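S.K.: What follows is a predicted structure for the sequence shown.
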There are 2 protein chains.
Amino acid sequence: MQQNQAKWIWYPGDYEIYHSLLLHGRRDERDWRHPAFWRLDDCWHNVSFYREFSLESPVEIEVKINGTGHLTMDDIPAPCGKFTIPAGTHWLRIWVYKPGGLPCAWVSGRGLDSGEGWLAGCHDGEFLPAGWSEWYAAPDSDPEKFPFAYEQLRPVSCQKDGKSTLYDFGKETFAQLQVKTGSKPVFFCYGESREEAMDSVNAVIREEVPAFTETTLQARAFRYLRVDDETGETGFQAMYEYLPLERRGTFRCSDETLNQIWEVCAYTFHLNSREFFLDGIKRDRWVWSGDAYQSYLVNDYLFRDEAITRRTILALRGKDPVKTHINTIQDYSFYWLMSVGERYRRTGDLSFVRGLWPAMKSLMEFCLSRTDEEGFVVERPGDWVFIDWADLDKKGGHCIEQMLLVRSLETMAEMAVLLAEDGSRYTQLADALREKVEQLYWDEEKGAYLDSFRSGRRFVSRNTNLFALRYGFDRDGRRESIIQNVLLNDEVAPITTPYFKFYEMEAWCEMGKLNFVREQIDAYWGGMLRLGATSIWEAFDPREEGAAHYAMYGQPFGKSLCHAWGASPIYLLGKYFLGVDASADGFTVRPELGGLEWMEGTVPVQGGTVRIRLDGEFLKVETDAAGGVLLWKGQQISLSAGNPVELAINK
Amino acid sequence: MQQNQAKWIWYPGDYEIYHSLLLHGRRDERDWRHPAFWRLDDCWHNVSFYREFSLESPVEIEVKINGTGHLTMDDIPAPCGKFTIPAGTHWLRIWVYKPGGLPCAWVSGRGLDSGEGWLAGCHDGEFLPAGWSEWYAAPDSDPEKFPFAYEQLRPVSCQKDGKSTLYDFGKETFAQLQVKTGSKPVFFCYGESREEAMDSVNAVIREEVPAFTETTLQARAFRYLRVDDETGETGFQAMYEYLPLERRGTFRCSDETLNQIWEVCAYTFHLNSREFFLDGIKRDRWVWSGDAYQSYLVNDYLFRDEAITRRTILALRGKDPVKTHINTIQDYSFYWLMSVGERYRRTGDLSFVRGLWPAMKSLMEFCLSRTDEEGFVVERPGDWVFIDWADLDKKGGHCIEQMLLVRSLETMAEMAVLLAEDGSRYTQLADALREKVEQLYWDEEKGAYLDSFRSGRRFVSRNTNLFALRYGFDRDGRRESIIQNVLLNDEVAPITTPYFKFYEMEAWCEMGKLNFVREQIDAYWGGMLRLGATSIWEAFDPREEGAAHYAMYGQPFGKSLCHAWGASPIYLLGKYFLGVDASADGFTVRPELGGLEWMEGTVPVQGGTVRIRLDGEFLKVETDAAGGVLLWKGQQISLSAGNPVELAINK
């Protein structure tokens, strides 16, 4: 018998919703807090946990709760604590109430340990499999506390100028300050850039700590820290706050800049991988569905930590009733729906989909309630049609929104089949809409999809046509037409955000243009590094100079200098250079150097890792996972654990 | 210009939902807490407040928030605090976030004071008129604290027996104990009866306070208090906790027992009138929709405090989505729906109905989703068909549930007309169901409505036929048939709970049998008083003896000895003896002595009070309210403020 298998349990999804509520209230902006501008749900505060069981002999049991409450065994109420359950068939129900917190229970007893097998309900007439995490196995662990790790940071340099001292920590970081002030208040000015730390007025994050105070400030993003301390009596130390995540993906190659880019991308991505996948660590420090949709893919090639992906999906969705789009953004609802299907294809875990099915249905009903008489999703009051920070023609229903709705409907239909639910309505709607999109949004003369067929502008964007490729709207020669008339057409405005660069680079990779992609990564991501970036920025325009790079949203330091959506090279290098494409059923490896002399790296897959080394002379692939196939020069070579494949390259 | 018109504002309904969440976690039961077994919703924790305005000259403004956040004026963000708004047209939005609490704002500034005119939203795409209360006008008042008043209580006697001391406070009360212990722990055992206080094992409420502790215990119900204090070092005092409410209804008559009954009922009712109308103050101390439905009527004749009625209605409903019946009870959903319509008829305030309309619709949709193919509401998994603690035939859809559904549908139709919404579907459903009920549940041979026409038992209950009278299912001679075959038929089981005694006595009053009702009140309520009751009990069976009166639900002291549903004599004496029936449009007075020599009293009505005195020689009616009509021996005599009517009685 194993000891300590018990884990704290909660209502499913409520751990995520509780921590999401806390997270979305932490955004700083100068002298105030800037809570998220969408509805934030809270966990249920009155729940119960349930289990039926049969015992052959009596069992000693211990029940602890986070909150107040009691238990009933076979309908007889009793306080929680330690007691003996006699042999026989019983049921146990634990009632836990905690206003302002996350009600949880912990049960230890042979065969009855809390975790798998326990149900949870919020008194709405249903019991569902309880939520739990390996993190909270110890009886004194607290699911209301997120298990961050801390390490002391030391500045690499320090410059004193009168009462001011500027500390440089060498690179972007995220840390709590433990502060003890003396006889005067002390002013802390945080900067992702030196310029920001020196600008007391425009720095996004700054805080004055009163005299004679010992405190720990909220963890925040910075590289530079300016401390204005008249007395010189203040002591402080910076504690790096992070979620320990193992890098299971690696990449090294003959191009040192590319190695640095990969490293900075991985660091950027790790800084943003916390309770959930954040957009950026200085600002907004929120969870955005479109940003997260890309993070799921990057994660697949770096940590392959499915737990954080699931936490993010649960937090984004919140609770019913659905009254707005996710993050208020039309496209972001669709990314959420598609992500559930894509996760299933990646993991094969249907129980996660099953748990979300009611939430998928109600979100889809909300989306469908906002379509017009022709079935197109159009902008309704309160909807934000985001797509990208780019000049797009959004009038009368943007083409991308229709494509995403089609894919979301198809996802619903696919999941319905797996869950043995009736999804025929979704199939019908998807088929009808796909046909209409292909008919009405396609401009034969331009050989491209229009953003809007109703506006009369016949505006063609890269964004729309990239999505046509990505989501299968490119049959019957349209693929070639799009490549020719849009992707290779300099008259079509370029992609300017790292967000859509993700899809653009992915498209070039899919076309096999790895050399071009490598050059693009060097120019764009390498461009930031050459300007001294230690993490990837929210946006980058090589034509700008100096501190102008830090401005955005009308603020001198409004730009986030550590933004998750900049980490796409992790995904691109793993999927298209190392060439690993993994699903629940196995993985394929199709490495391509794309102009590099050599590369080596690992990619996590279902059940293990695959390691690839390719240079001008040899290809070596080894794995400890099952189900792998090496695709090499038209050949399919089975990969198996413990049997490395080594091939000499025929030049 | 008036100062201090500003009031704290919150998302509408959230003050009630927040305090309801707190309230429903306070039930004690021996050594544990017993939170309510239905879903408890919480307030939104991320809200914003909005107002547009035009200023002819600059205005100094102060903005305070309960929580963290900021404001935006004309889209420019700023911290809260004091500032000057320039002349011109502006909009102000205040963003407030408070996890674990009730986010509120307070704005003071000429013409911009928070309260009426401000909107609130929870980021679901809608702004609604903000909630507020006169209670929270002071800038340092705190809407998270319910404004109870406190008074020190002194015991009327005290009996020492070794380390134990038994205090008798003379009557039922509800109080916090302020305790300071000495070198040993001290045990407090509460009793609504002497027997309960003396029974450490079975007393429902008991608490041990550790040594060297100074604390205030949660307020609880008791008359007796036993303190086991080995050292004699403990000091404590009892602080009566109550909501100050003005008695606007009074009643005095020639029967001293009836006077005492009225007084004890009024006291019982006041003890249960707190954040909301409770069922009882010892146990459950919860809000139950069926109990509350009666409390609204008692309140009309005692405090006429519409605010507590509205708080109760809002707290009961909670938030969407509706997943169970209110309190999980089928009938209780219908009482809730009907109560909104009845409140409108009483107050004429359509804005309250308008605010609830979406919640009424979604609750009705839930109810309709649980009907069968014939339109009858039947028991679905998770539903509790309560009706009464009585032997009823609930198989296949109880008749009372159908009648309540009909009245609820009619209420929806009536409210729809007032709100200029389309209510035709409700009308159609109501008409069809009323006809079916009259057809299928009526048993011509028995001359009565059956509880169930499907069970085959042909069971006739007083409950069902009382509701047939109350809700208009008594046309075409059925009224007389029901009176003869049910109400006057000793073979039909008697009503045993004060809960349904309310409707039974009301029915006799409606039939003009005031003498009989007076005798019943004397026997039933007077019976409790003669046993020493200082508040009205949850149930009473005159055939029981001694401490057996205190037992219920299988526990020796399980019965609540201070239960709101026992206060119906307040309503009966006010409505049928003093004879005042008030609506939004005015009131009628039709006094009847019912065997008393004389009576006098007041009844609160819209806009004031009406005072009645009637004896064998004179009738005097005076009022300060408009719209009154005296109905006396076939005459209609208009009443007007300041013009008392005095009539000599013709014997």
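M.R.: Here it is on my side, so go on.

S.K.: Which of the helices or strands spans the residue in the stretch 151-300 of chain A positioned nearest to chain B?
M.R.: Closest residue of the stretch 151-300 of chain A to chain B, CB to the nearest CB: A:Gln218 (11.2 Å). For every residue, glycine as well, the C-beta is placed using N, CA and C. Using DSSP states H and E, A:Gln218 sits within no helix or strand.

S.K.: Now do the same contact list for it.
M.R.: By CB atoms under 8 Å, 6 or more residues apart in numbering or on different chains, the residues touching A:Gln218 are A:26, A:28, A:176.

S.K.: Of those, just say which sits nearest to A:Tyr576.
M.R.: A:Arg26 (36.3 Å; CB to CB).

S.K.: Just give me the neighbour total for that closest one.
M.R.: Using other CB atoms under 10 Å in any protein chain shown, A:Arg26 is surrounded by 18 other residues.

S.K.: That one contacts A:Leu40, doesn't it?
M.R.: No - under the criterion of CB atoms under 8 Å, A:Arg26 is not in contact with A:Leu40, lying 11.8 Å apart.

S.K.: just the strands in the stretch 301-450 of chain A please.
M.R.: A:442-443, A:448-449 (DSSP state E, counting those that start in this stretch).

S.K.: Note down every partner strand of the last one and its orientation.
M.R.: The pairing partners recorded for strand A:448-449 under DSSP bridges are strand A:442-443 (antiparallel).

S.K.: tell me the contacts of A:Gly382?
M.R.: By CB under 8 Å, 6+ apart, the contact set of A:Gly382 is A:324, A:328, B:125.

S.K.: The last one against A:Pro381, yeah?
M.R.: Yes - under the criterion of CB under 8 Å, B:Gly125 lies in contact with A:Pro381, with a separation of 7.0 Å.

S.K.: more crowded one of these two?
M.R.: Between B:Gly125 and A:Pro381, counted using other CB under 10 Å, B:Gly125 has the larger neighbour count: 16 against 7.

S.K.: Skipping its backbone neighbours, what lies nearest that one in space?
M.R.: Nearest non-adjacent residue to B:Gly125, counting by CB to CB, 6 or more residues apart in numbering or on different chains: A:Gly382, 3.7 Å away.

S.K.: what about A:Gly526, which SS state?
M.R.: At A:Gly526, secondary structure determined by DSSP: H, G, I helix; E, B strand; the rest coil is helix.

S.K.: Show me the longest strand that occurs in chain A.
M.R.: If you go by DSSP state E, chain A has its longest strand at strand A:164-180.

S.K.: Starting from it, tell me which strands it pairs with and how they run.
M.R.: Strand A:164-180 is paired, per DSSP bridges, with strand A:157-161 (antiparallel), strand A:214-216 (antiparallel), strand A:220-228 (antiparallel), strand A:235-242 (antiparallel).

S.K.: okay, the ones you listed, which one's buried deepest?
M.R.: Per-stretch averages of neighbours, counted by mean count of other CB atoms under 10 Å in any protein chain shown, single out strand A:220-228 among the strands paired with strand A:164-180, with a mean of 24.

S.K.: Now A:Trp44: closest residue in space that isn't a chain neighbour?
M.R.: Closest to A:Trp44 by CB to CB, 6+ apart is A:Cys122, at 3.9 Å.

S.K.: Any stretches of the stretch 301-450 of chain A with poor pLDDT?
M.R.: Residues of the stretch 301-450 of chain A meeting the criterion pLDDT under 70: none.

S.K.: what's stretch A:183-203 in contact with?
M.R.: Stretch A:183-203 has contacts (CB under 8 Å, 6+ apart) with A:30, A:166, A:168, A:172, A:177, A:179, A:204-212, A:217, A:220-231, A:233-234, A:236, A:282, A:547, A:550, A:555-557, A:560-562.

S.K.: What subset of those is buried?
M.R.: With neighbours counted by 16 or more other CB atoms under 10 Å in any protein chain shown, those contain buried members at A:30, A:166, A:168, A:172, A:177, A:179, A:204-207, A:209, A:217, A:220-229, A:234, A:236, A:282, A:550, A:556-557, A:560-562.

S.K.: Work out for me the element the residue nearest to A:Glu342 when sequence neighbours are not counted sits within.
M.R.: Nearest residue to A:Glu342 in three dimensions, chain neighbours excluded: A:Tyr296, at 7.3 Å (CB to CB, 6+ apart). Secondary-structure assignment from DSSP H and E places A:Tyr296 in helix A:289-302.

S.K.: Show me what the residue nearest to A:Lys282 when sequence neighbours are not counted is bridged to.
M.R.: The shortest distance from A:Lys282 to any residue other than its chain neighbours is 3.9 Å, reached at A:Ala221 (CB to CB, 6+ apart). With DSSP bridges as the criterion, A:Ala221 is bridged to A:Phe174.

S.K.: Can you give me every residue that contacts A:Ala221?
M.R.: A:172-174, A:190, A:192, A:205, A:271, A:280-282, A:285, A:562.

S.K.: hmm, try it at 7 Å
M.R.: Residues in contact with A:Ala221 (CB atoms under 7 Å, 6 or more residues apart in numbering or on different chains) are A:172, A:174, A:192, A:281-282, A:562.

S.K.: Dump those residues into a markdown table; add pLDDT as well.
M.R.: Shown next, in a markdown table, are the contacts of A:Ala221 (pLDDT from 0 to 100):
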| residue | pLDDT |
| --- | --- |
| A:Glu172 | 98 |
| A:Phe174 | 98 |
| A:Glu192 | 98 |
| A:Ile281 | 97 |
| A:Lys282 | 96 |
| A:Cys562 | 98 |
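
S.K.: got the residues of chain A near chain B?
M.R.: Applying CB under 7 Å from any CB of the partner chain, one finds that chain A approaches chain B through A:21-22, A:25, A:29, A:31-40, A:42, A:45-46, A:68-70, A:77, A:79, A:95, A:97, A:99-100, A:122-125, A:320-321, A:323-324, A:381-382.

S.K.: circling back to that earlier point, could I get the strands paired with strand A:164-180 as JSON lines with mean pLDDT?
M.R.: Shown next, in JSON lines, are the strands paired with strand A:164-180 (pLDDT from 0 to 100):
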{"stretch": "strand A:157-161", "mean pLDDT": "96"}
{"stretch": "strand A:214-216", "mean pLDDT": "98"}
{"stretch": "strand A:220-228", "mean pLDDT": "98"}
{"stretch": "strand A:235-242", "mean pLDDT": "97"}
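
S.K.: Can you convert the ones you listed into TSV and add a column each for distance to B:Glu196?
M.R.: Listed next are the strands paired with strand A:164-180 as TSV, based on distance: least, CB to CB, whole Å:
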stretch	distance to B:Glu196
strand A:157-161	71
strand A:214-216	49
strand A:220-228	57
strand A:235-242	53
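
S.K.: Brilliant, that's me finished.
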